[in-house]
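Visitor: A predicted structure for the sequence below; I have some questions about it.
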Amino acid sequence: MSFVSVFGVSVKNSVKAAIAAVALVIVLFVGALIYILVNQNNAASVAESGDGPQVMREGSHVLDDGGEGSVTVVEFLDFECEACGAFYPVVEDLREKYDGEITYVVRYFPLPGHFNSKNAAIAAEAAAQQNRFEDMYHRLFETQTQWGEAQESRAELFRSFAEEIGLDMAVFDESVADPATADRVELDLNEGERLGVSSTPTFFIDGEPVTLQKWDDLEKSIESAVNGDR
């Protein structure tokens with residue numbers, strides 16, 4: 001075989017390799033461009049549909065409705081969280097003090113480190129389906145020291161609370177077993193995470209997160225909002 005023929009083959013192979021490389025670059029570029037455009041379109045669709053994370057949604061559990069023009073306070077809570085338990089009486093005092101001036105909303109945020117936090121939230125959601133959310137809310141916090149930090153299920157104890165507050169137990173059991181009830185709890189949890197919630201309790205006032213450094217920071221923030229200073 002002559003040098004020319006060998007050289008010719010070599011040149012042809014180099015050209016083919018170069019063409020293949022250029023083609024690969026073009027494919028990758030087009031793919032990246034399509035990815036960017038699709039994600040931009042998806043982001044635009046979310047923005048237009050208003051389906052981004054919301055501090056309060058239709059169907060969120062409202063403990064107090066202050067009416068039009070009231071300050072909206074939203075708490076993401078975990079029924080097993082000791083800090084939430086410590087804030088519970090503070091929150092109850094504030095609800096009474098600002099009755100008619102605030103709309104108080106509760107959302108679930110069961111932390112993974114608490115064995116029964118999701119069980120408690122499911123019990124509360126099952127009670128909510130019988131319009132008795134607040135009764136279960138009180139019962140869970142008032143008894144937190146009895147079941148908090150347990151490393152085995154306390155679902156039966158929560159069921160006894162449902163009996164004590166007079167729920168239809170057949171309906172309650174069906175609600176607890178229904179995956180849609182757990183999905184409702186997860187909806188709050190997932191949206192809380194998208195809003196930046198990472199611990200409990202986390203409070204929002206009129207859509208803005210509250211920074212808690214002292215016990216009276218929540219009251220000061222509510223008072224400021226009620227007075228129009230926020």
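Guide: Perfect, I can see it now. Residues are numbered from 1 along each chain as shown.

Visitor: Y88 versus E142, what's the distance?
Guide: 8 Å (CB to CB, to the nearest Å). Just so you know, the C-beta spots here come from the backbone N, C-alpha and C atoms, and that holds for glycine as well.

Visitor: Tell me which of these two has more neighbours.
Guide: Of the pair E142 and Y88, Y88 is the one with more neighbours under other CB atoms under 10 Å, namely 19 against 13.

Visitor: and E96, how many neighbours?
Guide: Residues near E96, counting by other CB under 10 Å: 9.

Visitor: Check whether it sits in a helix, strand or coil.
Guide: helix (DSSP: H, G, I helix; E, B strand; the rest coil).

Visitor: Give me the pLDDT value at it.
Guide: Predicted confidence (pLDDT) for E96: 97.

Visitor: Then E149?
Guide: Confidence at E149, expressed as pLDDT, is 88.

Visitor: hang on, it in a strand?
Guide: No. Counting by three-state DSSP, E149 is located in no strand; its state is coil.

Visitor: give me the number of residues near the closest residue to it other than its chain neighbours?
Guide: Excluding the flanking residues, the one nearest E149 by CB to CB, 6 or more residues apart in numbering is E80, at 7.5 Å. For E80, the count of nearby residues is 26 (other CB under 10 Å).

Visitor: quick one: E80 and N227, what's the gap?
Guide: Relative to N227, and taking CB to CB, E80 is found at 35 Å.

Visitor: the helices in the protein, which residues?
Guide: Listed in chain order, the helices of the chain (DSSP state H) span residues 3-49, 82-97, 117-128, 133-142, 144-147, 155-164, 169-177, 179-194, 217-226.

Visitor: Of the ones you listed, which shows the lowest average pLDDT?
Guide: Taking the mean pLDDT of the helices of the chain, helix 3-49 comes last: a mean of 40.

Visitor: So if we follow the domain assignment, how does the protein break up?
Guide: Listed by automatic domain parsing, the domain ranges of the chain are 1-52, 61-226.

Visitor: Need the winner for burial among the ones you listed.
Guide: domain 61-226 (a mean of 17; mean count of other CB atoms under 10 Å).

Visitor: wait, the residue nearest to E149 sits on P112?
Guide: No. At 11.1 Å, E80 and P112 do not qualify as touching, with contact defined as CB atoms under 8 Å.

Visitor: just checking, E152 touches N119?
Guide: No. E152 is not in contact with N119 according to CB under 8 Å; the separation is 10.5 Å.

Visitor: Can you check which residues contact both of the two?
Guide: Counting by CB atoms under 8 Å, 6 or more residues apart in numbering, E152 and N119 have no contacts in common.
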